[in-house]
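Chemist: Fold the following, please.
(chains A and B)
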Amino acid sequence: MSTPHVSIELRLNGEPYAITQGLTAADLIDQLGLTERRIAVEINEQIVPKSQLGATALHDGDQIEVVHAIGGG
Amino acid sequence: MTTSHDTPFTVAGRTFASRLLVGTGKYKDMTETGQAVAESGAEVVTFAVRRTNLGQNADEPNLLDVIPPSRYTLLPNTAGCYNARDAVRTCRLARELLDGHNLVKLEVLGDDATLYPNVVETLSAAKTLVDDGFDVMVYTSDDPIVARELEAIGCCAIMPLGSLIGSGHGIQNPYNVRLIIEQSNVPVLVDAGIGTASEAAIAMELGCDGVLLNSAIAHAREPLRMARAMKLAVEAGREAFLAGRMARRASAEPSSPFAGRING
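Modeler: Numbering: from 1, shown residues only, chains lettered A, B, ... in the order given. The predicted model follows:
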């Protein structure tokens, strides 16, 4: 018998995004298929260093930005 | 040959052989971006920071694959930021993206129509970033007083516009650029407005330490050829500046000797 997952809602790159409660930022990045990509992550306007992603729990209402490099002048 | 050697271009303790800095926007694809940057000979290459596309195109080529940080000095920019807060956040994200690399191009824009710098927000962001340990190359107006304030804050390079971003109108106020060069103790680069090779040469002949451009190459009919032209123009302009131009004269002066003419 599995207990039903409780989900929380994030704001990810400006859009609502529901995930299972109890996941870390590293889990989210993994879910998005971005683990090996060159990205940077910000939660509630604070940088989360790569080394800290696994230790960073996500909470309902967190505002998350995932960015990368693109062409620009 | 008795050509005197130039001192290398140095910004925030980093030294470069090339005085041409280029952007990576507006190219038709990543391949062309990489080729144009390589042809330009630029060592400092600017790029933008944007939200990652989620759930699609997971395998799309990454800019940092064609412009590898191992080969180039990357210069993340804050293009698209209209206030100091967004610009500072963008720089911090860029520093995390590049594993602690702290050189940034700060630009805080005033409005969409002109992309003219908002100097009030730019000054505010520059202060925060310098205090936070960033080396700030700052895009600004061609106002010498603002340039002086930005240098006093601790910016490592002053980058006045030649004319509006993407306009290709060249250097509209060479006298102001010249004033900024004369007063500054940090490198001065014309950033924005250069449309063709002669305009890059003019920037260098004025005494600029370098030129930063993007559209002039990306929007040329043949970008790779224009990238080479810009490389040569920046070198030619620098050499002409070091050589020192002749004085302008009000009247003609023959280049051939007067004496010994057959009709004398």
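Chemist: So which bits of stretch B:15-30 are buried?
Modeler: Across stretch B:15-30, burial judged by 16 or more other C-beta atoms under 10 Å in any protein chain shown covers B:F16, B:S18, B:R19, B:L20, B:L21, B:V22, B:G23, B:T24, B:G25, B:K26, B:Y27, B:M30. In short, each C-beta sits where N, CA and C put it, glycine included.
Chemist: residue ranges for the helices of the stretch 51-200 of chain B, please.
Modeler: Along the stretch 51-200 of chain B, the stretches classed as helices by DSSP state H, counting those that start in this stretch are B:63-66, B:84-97, B:119-131, B:144-153, B:174-183, B:197-205.
Chemist: In TSV: the buried residues of stretch B:15-30, plus distance to chain A and secondary structure.
Modeler: Conversion of these to TSV gives the following (distance: C-beta to the nearest C-beta, whole Å; DSSP: H, G, I helix; E, B strand; the rest coil):
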residue	distance to chain A	secondary structure
B:F16	18	strand
B:S18	17	coil
B:R19	17	coil
B:L20	13	strand
B:L21	10	strand
B:V22	8	strand
B:G23	3	strand
B:T24	4	coil
B:G25	4	coil
B:K26	7	coil
B:Y27	6	coil
B:M30	8	helix
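Chemist: And for the residue nearest to B:P69 when sequence neighbours are not counted, the neighbour number?
Modeler: Nearest residue to B:P69 in three dimensions, chain neighbours excluded: B:L98, at 6.3 Å (C-beta to C-beta, 6 or more residues apart in numbering or on different chains). Other residues within reach of B:L98 by the criterion other C-beta atoms under 10 Å in any protein chain shown amount to 21.
Chemist: rewinding a little: nearest to B:A200 among the buried residues of stretch B:15-30?
Modeler: Using C-beta to C-beta, the shortest approach to B:A200 within the buried residues of stretch B:15-30 belongs to B:L20, at 7.4 Å.
Chemist: circling back to that earlier point, and of the buried residues of stretch B:15-30, the nearest to B:D86?
Modeler: For these, the closest approach to B:D86 (C-beta to C-beta) belongs to B:G25, at 18.4 Å.
Chemist: how about the closest one, what does it touch?
Modeler: Residues near B:G25 by C-beta atoms under 8 Å, 6 or more residues apart in numbering or on different chains: A:G71, A:G72, A:G73, B:A48, B:N214, B:S215, B:A218.
Chemist: tell me the phi and psi of A:E65?
Modeler: According to degrees, to the nearest 10, the main-chain angles of A:E65 amount to phi -120, psi 130.
Chemist: How about the residues of the stretch 151-264 of chain B by chain A?
Modeler: Remark: the part of the stretch 151-264 of chain B in contact with chain A comprises B:I165, B:G166, B:L212, B:L213, B:N214, B:S215, B:A218, using C-beta under 8 Å from any C-beta of the partner chain.
Chemist: May I have the beta-bridge partners of the third one?
Modeler: The one in question is B:L212. The bridge-partner assignment for B:L212, based on DSSP bridges, gives B:L21, B:D191.
Chemist: Contacts only, for it.
Modeler: Residues counted as contacts of B:L212 (C-beta under 8 Å, 6+ apart) are A:G73, B:L21, B:V22, B:G23, B:T46, B:K105, B:M159, B:L189, B:V190, B:D191, B:A192.
Chemist: wait, the fourth one sits on B:H219?
Modeler: Think B:G23. No. B:G23 sits out of contact with B:H219 when judged by C-beta atoms under 8 Å, with a separation of 11.4 Å.
Chemist: so who does whichever residue of the stretch 101-250 of chain B sits closest to chain A touch?
Modeler: Relative to chain A, the nearest point of the stretch 101-250 of chain B is B:N214 (2.9 Å; C-beta to the nearest C-beta). Residues counted as contacts of B:N214 (C-beta under 8 Å, 6+ apart) are A:G72, A:G73, B:V22, B:G23, B:T24, B:G25, B:K26, B:T46.
Chemist: which bits of chain A sit near chain B?
Modeler: For chain A, the residues found near chain B under the criterion C-beta under 8 Å from any C-beta are A:12-14, A:32-34, A:37-42, A:45, A:47, A:49-50, A:65-73.
Chemist: Just the buried ones from those residues?
Modeler: A:12-13, A:32, A:34, A:38-42, A:47, A:65-73.
Chemist: so what pLDDT did B:D59 get?
Modeler: Reading off the confidence values, B:D59 has pLDDT 64.
Chemist: I figured A:G14 hits B:R51, correct?
Modeler: Yes. A:G14 is in contact with B:R51 according to C-beta under 8 Å; the separation is 7.1 Å.
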